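Peer 1: The following block contains a protein sequence and its predicted model.
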Amino acid sequence: MSTLNIENLGKVLGGNTILDGLNLTVETGEIVALLGPSGSGKTTLLRCISGLETPDAGRISIDGRPVYDAETRTNVPPEQRQLGLVFQSYALWPHKTVAQNVAFGLEQRREGRADISRKVSDVLEQIGLGALGARYPGQLSGGQQQRVSLARAFVTEPVLLLLDEPLSNLDAKLREHARAWLREALKASGKTAIFVTHDQSEAMAISDRVAILRGGKLAQYAPPEQVYDQPNSLFVADFIGNPNIMEAQPVNVGGPGVQVQVNGATLEGVGVHDPELAGKVRAVIRQEHLELGQPGAANTFPARHVNSVFLGAVWEHWVEVGGDRLRFHSPQRLTSAELTMHVPREKLLVFH
Ligand SMILES: Nc1ncnc2c1ncn2[C@@H]1O[C@H](COP(=O)(O)OP(=O)(O)OP(=O)(O)O)[C@@H](O)[C@H]1O
């Protein structure tokens with residue numbers, strides 16, 4: 001069953017089309033990341049779902065109930081959409097304790113004191129803040145404040161959680177821990193959640209499916225592994241993971257298994273038809289799939305070593321192939337300038 005159903009959503013702001021006939025379905029219990037370049041419409045989409053922004057076209061249903069429908073002029077106000085909102089800024093009241101912050105939504109609903117107290121302590125326990133209910137936000141670390149904002153969203157038992165850059169205020173190290181913790185907490189609660197992030201690894205680590213937006217449309221909507229290993233366009237391949245991209249000459253790009261020429265060598269790869277490329281061919285290799293090979297072996301091509309930098313765990317090497325510069329990693333220094341590079345057939349993506 002789906003908790004969120006968005007059909008043909010449109011939004012124009014300042015004369016620009018921000019959301020353009022967007023469709024998105026989120027299943028119950030699923031965690032979805034909204035990812036895309038700056039200005040692709042992620043925040044606008046989240047705001048339309050929350051009701052803070054009113055779309056111009058289409059339909060949004062939450063838990064089977066229409067909350068926005070342009071045709072029937074339905075527009076349910078934000079507070080009646082059964083949502084839990086978690087903001088980048090945490091938005092905690094500094095003069096209220098942790099427990100009072102978490103209780104606020106329940107008090108607004110005029111629930112009984114005993115119920116509120118029980119629900120607040122249950123959720124604080126669940127979220128690992130059991131001992132901190134009497135503290136004020138200013139006495140908590142950034143990570144703990146983030147947990148309070150999540151507890152506050154959990155406690156009202158929303159059908160859908162919307163999280164806007166939930167971890168971006170944490171420093172890099174804390175953030176890596178927080179993403180594992182956030183996924184665990186969301187999965188343990190069984191809640192359906194959508195979050196906006198600028199961080200690709202965060203999107204992949206936390207979500208069940210990643211929705212990649214481009215110009216207010218969905219470019220690809222799939223599990224993280226699929227978006228990474230089987231991008232459906234050069235745009236998605238390029239956007240996710242900063243791969244090597246080369247110009248290639250087509251030898252045979254008729255079927256799913258294709259042949260191209262790169263720097264004079266014929267390579268076999270996996271073909272992906274991309275209507276935007278209009279006759280051009282691009283070969284994409286992720287850094288971790290490019291390696292040194294034996295001259296004359298299958299799927300190898302010549303390259304010239306131009307630079308290397310030491311990253312600690314590995315060396316990062318730069319090589320020139322035709323007019324393109326490619327990157328790969330290896331545990332050791334390179335000793336020769338003229339190299340033979342290898343890419344496994346199934347790891348060479350050819351967009352045409
Ligand atoms: N009130 C507004 N009036 C006009 N244009 C707007 C308004 N709000 C947002 N926009 C434009 O809408 C587009 C999408 O904005 P949005 O914030 O949804 O993108 P985003 O994907 O969340 O971007 P970012 O990653 O930079 O946060 C941007 O080009 C932005 O400039």
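Peer 2: Perfect, I can see it now.

Peer 1: As a check, name the ranges of all helices in the stretch 101-250 of the chain.
Peer 2: 113-126, 142-155, 172-189, 200-206, 224-229, 234-239 (DSSP state H, counting those that start in this stretch).

Peer 1: which residues touch the fifth one?
Peer 2: Among residues not part of helix 224-229, those counted as contacts by C-beta atoms under 8 Å, 6 or more residues apart in numbering are 203, 204, 205, 207, 209, 210, 212, 220, 236, 240, 241. The C-beta positions use only the backbone N, C-alpha and C, and glycine is treated the same way.

Peer 1: Out of these, which is nearest to residue 127?
Peer 2: residue 205 (18.7 Å; C-beta to C-beta).

Peer 1: quick one on the thing from earlier: could you export the helices of the stretch 101-250 of the chain to a markdown table, including columns for mean pLDDT and distance to the ligand?
Peer 2: Formatted as a markdown table, the helices of the stretch 101-250 of the chain follow (pLDDT from 0 to 100; distance: least, C-beta to the nearest ligand atom, whole Å):
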| stretch | mean pLDDT | distance to the ligand |
| --- | --- | --- |
| helix 113-126 | 90 | 29 |
| helix 142-155 | 87 | 19 |
| helix 172-189 | 86 | 17 |
| helix 200-206 | 94 | 12 |
| helix 224-229 | 96 | 17 |
| helix 234-239 | 96 | 12 |
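
Peer 1: is it possible to export those helices to JSON lines including distance to residue 53?
Peer 2: Shown next, in JSON lines, are those (distance: least, C-beta to C-beta, whole Å):
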{"stretch": "helix 113-126", "distance to residue 53": "28"}
{"stretch": "helix 142-155", "distance to residue 53": "19"}
{"stretch": "helix 172-189", "distance to residue 53": "24"}
{"stretch": "helix 200-206", "distance to residue 53": "22"}
{"stretch": "helix 224-229", "distance to residue 53": "26"}
{"stretch": "helix 234-239", "distance to residue 53": "24"}
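
Peer 1: Would you mind finding the most buried of those?
Peer 2: helix 142-155 (a mean of 22; mean count of other C-beta atoms under 10 Å).

Peer 1: That one vs helix 172-189, what angle?
Peer 2: Interaxial angle, helix 142-155 versus helix 172-189 (axes from the mean of the first three to the mean of the last three C-alpha atoms, to 10 degrees): 20 degrees.
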